[in-house]
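S.K.: Provided below are the primary sequence and the corresponding predicted coordinates.
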Amino acid sequence: MRYDSLLDAVGGTPLVGLAQLSPTADVRLWAKLEDRNPTGSVKDRPALAMVAEAEKDGRLQPGATLLEPTSGNTGISLAMVARQRGYRLVCVMPENTSTERTQLLQAWGADIIYSPAAGGSNEAVRVAKRIAAENPDWVMLYQYGNQANARAHYETTGPELLADLPTITHFVAGLGTTGTLMGVGRFLREQRPDVQIVAAEPRYGELVYGLRNLDEGFIPELYDESILTTRYSVGPHDAVRRMRDLMEREGIFAGPSTGAILHAALGVARKCVRDGEPADIALIVCDAGWKYLSTGAYDGSVDEAEAALDGQLWA
Amino acid sequence: MSIEVRVPTILRPYTSGEKVVSARGTTVAAVVDDLDARYPGIRERLIDDSGLRRFVNVYLNDEDVRFLGGLTTPVADSDSITILPAVAGG
């Protein structure tokens, strides 16, 4: 396939059947390989869409500085897009993220401001909002509240899934900014009113929930509960176990967030088998395992990997 | 009839620092009431007039109770409940 530029090569990812992990011939799992995007994650779609829209509406002028709170992947995608389009990028990233995220951000030319580990991405959002107020000429695209994030999935990921899997009954994805679930969910509900939209939310170690009070909690502005059928909380043990299943049984090398999604998808599949309902369950592979090698996610036993990930933002 | 309830760090001042406590009840609301009888004040941190507080997530066997039956979701013996504050991902 030929493209005019790298940015034109975002999206159009393969959907592959999981022959070994699908429980029966009637209840099948399908993985959308979003790690096949230019920077290796699903976030290339919203990053490109948010920048393109800000250029179109005049918020982004040549040479501008972008500012974004990110636990990693969105920052890496924005850094790549910013480099292509001639912007500077400043990322606010929690300090408890993998070394590879820092290395990749710096390789693409981004500047990093670290936010404290306690409070995780909540803290990164708060720090970024403060810096944005101090630098009014910087542009914060703000993935958690930017409709172009969800729209990227409404306009690309959703239609790709439906074209490849017209018989889709379930869609399972991770809940972070909520952009993937909101965008794909809205599109699929319009096209297939009976489709089930299932969220897999990573459950981190206690450090990440170290808020000072409950009023500091955070719900992304993009989140619309009515789009979801249900929502599961998946801890690091199940995420790592499923991530390794995916490697060992299907040959797919993914990160822990994908393991959490697969865990939720297998739970959905088990219920379909129990109820005798045929199903085509599509799930998102958010990124590959490369960025997590240094965390120990692929080393030793599942228990050892779980211990290594404790306190880390692993999804 | 005993339900295992996992309590987040921020609410442990109510449970004398205990991470996991036991409670009784046949619905989520009844479990919260029972918790409040054992650990006075905890109910008010979880629930307001409109139901579950905005930044409080409650999971029954890892599924968000907002998508089950909310506070009226039935709870069975040996179920587990996890309480977590809503945090950002991405």
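M.R.: All right, it came through fine.
S.K.: So, low pLDDT: which residues of chain B?
M.R.: Along chain B, segments meeting pLDDT under 70 span B:1, B:90.
S.K.: Can you show me the strands along it?
M.R.: B:3-6, B:20-23, B:47-48, B:51-52, B:56-60, B:63-64, B:80-85 (DSSP state E).
S.K.: so does stretch A:82-98 get close to chain B?
M.R.: No - judged by Cβ under 8 Å from any Cβ of the partner chain, stretch A:82-98 stays clear of chain B, getting no closer than 9.7 Å. To be clear about C-beta, it is placed using only N, CA and C from the backbone, and glycine gets the same treatment.
S.K.: May I see the buried residues of that stretch?
M.R.: A:82-83, A:85, A:87-94, A:96-98 (16 or more other Cβ atoms under 10 Å in any protein chain shown).
S.K.: Next, format those as CSV and append secondary structure.
M.R.: CSV is the format used below for those (DSSP: H, G, I helix; E, B strand; the rest coil):
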residue, secondary structure
A:82, helix
A:83, helix
A:85, helix
A:87, coil
A:88, strand
A:89, strand
A:90, strand
A:91, strand
A:92, strand
A:93, strand
A:94, strand
A:96, coil
A:97, coil
A:98, coil
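S.K.: Any buried residues in the longest helix belonging to chain A, and which?
M.R.: Ranked by residue count under DSSP state H, the longest helix found in chain A is helix A:256-274. Along helix A:256-274, these residues count as buried under the neighbour rule (16+ other Cβ under 10 Å): A:256-269, A:272.
S.K.: Could I get the average pLDDT for that helix?
M.R.: In this model, helix A:256-274 has a mean pLDDT of 98.
S.K.: hmm, back to that, of all the buried residues of stretch A:82-98, which comes closest to chain B?
M.R.: Distance to chain B, by Cβ to the nearest Cβ, is smallest for residue A:94 among those, at 9.7 Å.
S.K.: Does that closest one have any beta-bridge partners, and if so which?
M.R.: residue A:115 (DSSP bridges).
S.K.: Dump the strands of chain B into TSV; add distance to residue A:57 and mean neighbour count as well.
M.R.: Listed next are the strands of chain B as TSV, based on distance: least, Cβ to Cβ, whole Å; neighbours: other Cβ atoms under 10 Å in any protein chain shown:
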stretch	distance to residue A:57	mean neighbour count
strand B:3-6	45	18
strand B:20-23	50	16
strand B:47-48	38	16
strand B:51-52	37	17
strand B:56-60	35	21
strand B:63-64	35	20
strand B:80-85	35	21
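S.K.: Pick the one among the buried residues of stretch A:82-98 closest to residue A:114.
M.R.: Of all those, residue A:93 has the smallest distance to residue A:114: 6.2 Å, by Cβ to Cβ.
S.K.: wait, doesn't the closest one sit right on residue A:124?
M.R.: Yes - under the criterion of Cβ atoms under 8 Å, residue A:93 makes contact with residue A:124 at 6.2 Å.
S.K.: Can you lay out the strands of chain B as CSV showing distance to residue B:30?
M.R.: Formatted as CSV, the strands of chain B follow (distance: least, Cβ to Cβ, whole Å):
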stretch, distance to residue B:30
strand B:3-6, 9
strand B:20-23, 9
strand B:47-48, 12
strand B:51-52, 14
strand B:56-60, 13
strand B:63-64, 18
strand B:80-85, 11
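S.K.: Need those in CSV (columns: distance to chain A).
M.R.: CSV is the format used below for the strands of chain B (distance: least, Cβ to the nearest Cβ, whole Å):
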stretch, distance to chain A
strand B:3-6, 10
strand B:20-23, 13
strand B:47-48, 11
strand B:51-52, 11
strand B:56-60, 5
strand B:63-64, 4
strand B:80-85, 5
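S.K.: Would you double-check that residue A:237 falls in a helix?
M.R.: Yes - under three-state DSSP, residue A:237 sits within a helix.
S.K.: which residue sits closest to it in space, ignoring its chain neighbours?
M.R.: residue A:306 (4.8 Å; Cβ to Cβ, 6 or more residues apart in numbering or on different chains).
S.K.: tell me which element that neighbour is part of?
M.R.: helix A:302-309 (DSSP states H and E).
S.K.: Against which helices or strands is that helix packed?
M.R.: Counting contacts by 3 or more Cβ pairs under 8 Å, 6 or more residues apart in numbering or on different chains; DSSP states H and E, helix A:302-309 packs against helix A:236-250.
S.K.: Can you list the buried residues in the helix it packs on?
M.R.: By neighbour count with 16+ other Cβ under 10 Å, helix A:236-250 contains the buried residues A:236-246, A:250.
S.K.: How about stretch A:5-18?
M.R.: Under 16+ other Cβ under 10 Å, the buried positions of stretch A:5-18 are A:7, A:10-11, A:13, A:15-16, A:18.
S.K.: Likewise for stretch A:274-283?
M.R.: Going by 16+ other Cβ under 10 Å, stretch A:274-283 has these buried residues: A:279-283.
S.K.: Let me know the closest of these to residue A:293.
M.R.: residue A:283 (22.5 Å).
S.K.: what angle separates whatever helix or strand that closest one lives in from helix A:256-274?
M.R.: If you go by DSSP H and E, residue A:283 is part of strand A:279-285. Here strand A:279-285 runs at an angle of 170 degrees relative to helix A:256-274 (axes from the mean of the first three to the mean of the last three Cα atoms, to 10 degrees).
S.K.: contact partners of strand A:279-285?
M.R.: Outside strand A:279-285, the residues within contact range by Cβ atoms under 8 Å, 6 or more residues apart in numbering or on different chains are A:15, A:26-35, A:42, A:161, A:165, A:167-174, A:180, A:252, A:254, A:258, A:261-262, A:265, A:268-269, A:272.
S.K.: Now for residue A:156: which residues touch it?
M.R.: Residue A:156 touches A:11, A:45, counting by Cβ under 8 Å, 6+ apart.
S.K.: Quick check: the residue of the stretch 201-315 of chain A nearest chain B.
M.R.: Using Cβ to the nearest Cβ, the closest approach of the stretch 201-315 of chain A to chain B is made by residue A:217 at 2.6 Å.
S.K.: Hmm, that residue is touching residue B:83, no?
M.R.: No - using Cβ under 8 Å, residue A:217 is not in contact with residue B:83; the gap is 12.0 Å.
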